[in-house]
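K.L.:
Structure of the sequence below:
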Amino acid sequence: MNLLKTMRGLVAASLAALALMGVQSATAQDSERYGEQKVVYHINGNGGEDDKAYRGALRNAQNHINAVGVDNIELKVVLHGNGVGLLQNAMSNEQLQMDVTNLRAQNVVFVVCNNTLTGRDINYETDLFEVFSDHIVPSGVAELSYLQGQGYTYVKP
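P.N.:
Numbers count the residues shown, from 1 in each chain. Below is the predicted model:
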């Protein structure tokens, strides 16, 4: 009976190792296919019920990183208009906080439009989740154009 348990364990471990190698191989193939990328994600809409739209956009960014490889991508998220609500809602939505924190840990930069902050009387220090002065840009739409001029690919999730 012990021999049978040992053999089952070895088979399970072998299958798990093969599956992992397949995932690693697919990831390596993906990053070779896509090469290095500079990308800007544009978020200016409402999050909707349970912040589903915001979470979907952040999931798109994570999927993008997964496909290209964290070492092969420079990704920025520009928030303006209603998109600033993503970081407002993250103040109380733990899932949004985790999504944002996870992306930041992968060097994703979130930038926020000062025009929106001023026009809506939003204090980035108290009203937005972990935003600092170097995350504020004068104009969200101008930043999008600037980044595209710097070689960033525009994505509107």
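K.L.:
and the residue nearest the centre of the chain, what element?
P.N.:
In the chain, the centroid-proximal residue (Cα atoms, centre = their mean) is A61; its distance is 3.9 Å. Here A61, judged by DSSP states H and E, is contained in helix 52-68.
K.L.:
Over to Y41?
P.N.:
Using DSSP H and E, the element containing Y41 is strand 37-43.
K.L.:
Sheet-wise, list the partners of that strand with their directions.
P.N.:
Strand 37-43 sits in its sheet next to strand 73-79 (parallel), strand 153-155 (parallel), going by DSSP bridges.
K.L.:
Just give me the neighbour total for the residue lying closest to R120 once chain neighbours are set aside.
P.N.:
Nearest residue to R120, sequence neighbours excluded (Cβ to Cβ, 6 or more residues apart in numbering): V84, at 7.4 Å. Backbone N, C-alpha and C define where each C-beta goes, glycine included. By other Cβ atoms under 10 Å, 23 other residues sit near V84.
K.L.:
Equivalent analysis for Q150, please.
P.N.:
For Q150, the neighbour count with other Cβ under 10 Å is 10.
K.L.:
I figured it was touching V39, is that so?
P.N.:
No: assessed by Cβ atoms under 8 Å, Q150 is found out of contact with V39, at 11.5 Å.
K.L.:
returning to that earlier point: ok, and which of the strands paired with strand 37-43 has the densest surroundings?
P.N.:
strand 73-79 (a mean of 23; mean count of other Cβ atoms under 10 Å).
K.L.:
CA atoms of it as CSV?
P.N.:
Taking C-alpha atoms only, strand 73-79 is exported to CSV below (Å, rounded to 0.1, in the frame of the first residue of the first chain):
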residue,chain,number,x,y,z
ILE,A,73,6.7,46.1,-20.4
GLU,A,74,6.6,49.7,-19.3
LEU,A,75,2.9,50.4,-18.4
LYS,A,76,1.3,53.6,-17.3
VAL,A,77,-2.4,54.2,-16.4
VAL,A,78,-3.7,57.7,-17.0
LEU,A,79,-6.8,58.6,-14.9
